[in-house]
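Student: Here is my input; please provide its structure:
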Amino acid sequence: DDFAKYERLLLNLGLAEMDDVVWCPRSGCEYPAILHEGREGRLATCGKCGFAFCCECNLTWHGLTPCANLAERWRNGDEAARALLKEKYGEKLIDELQT
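Tutor: Here you go, the predicted model:
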């Protein structure tokens, strides 16, 4: 029904504007997930399937351990992305990635 599609589109547009909402990375779910510490946090939990994940790497929540794909993101990142990673994880960890 057209009204249901329109309503779903409006909801998705509204959620996309929210800083503390990300989308569940599980294929077939892709439901809104809330960031536990607002936009500064990394932990998100899906409201539909309950999947707890890191919103940076979209993998299962790994706590304070750096993302498994951090080295790859560093290698593939441009200058701005690398500066953000360095700020977030610290120079010591980034230096270890480069060796």
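
Student: What is the burial count for A44?
Tutor: For A44, the tally of surrounding residues (other C-beta atoms under 10 Å) stands at 26. C-beta here means a position set from N, CA and C on the backbone, and glycine is covered the same way.

Student: ok, now which ones touch it?
Tutor: A44 is in contact with V22, C24, A33, I34, L35, H36, A52, F53, C54, C55, counting by C-beta atoms under 8 Å, 6 or more residues apart in numbering.

Student: between the residues you listed, which is nearest L93?
Tutor: C54 (15.6 Å; C-beta to C-beta).

Student: Look up how far H62 lies from that closest one.
Tutor: 6 Å (C-beta to C-beta, to the nearest Å).

Student: those strands in this structure, which residues are they?
Tutor: Remark: strands assigned in the chain by DSSP state E are 21-23, 32-39, 43-46, 52-54.

Student: ok, and what's touching the longest one?
Tutor: In this case it means strand 32-39. Outside of strand 32-39, the residues within contact range by C-beta under 8 Å, 6+ apart are 15, 19-24, 41-47, 51, 53, 55.
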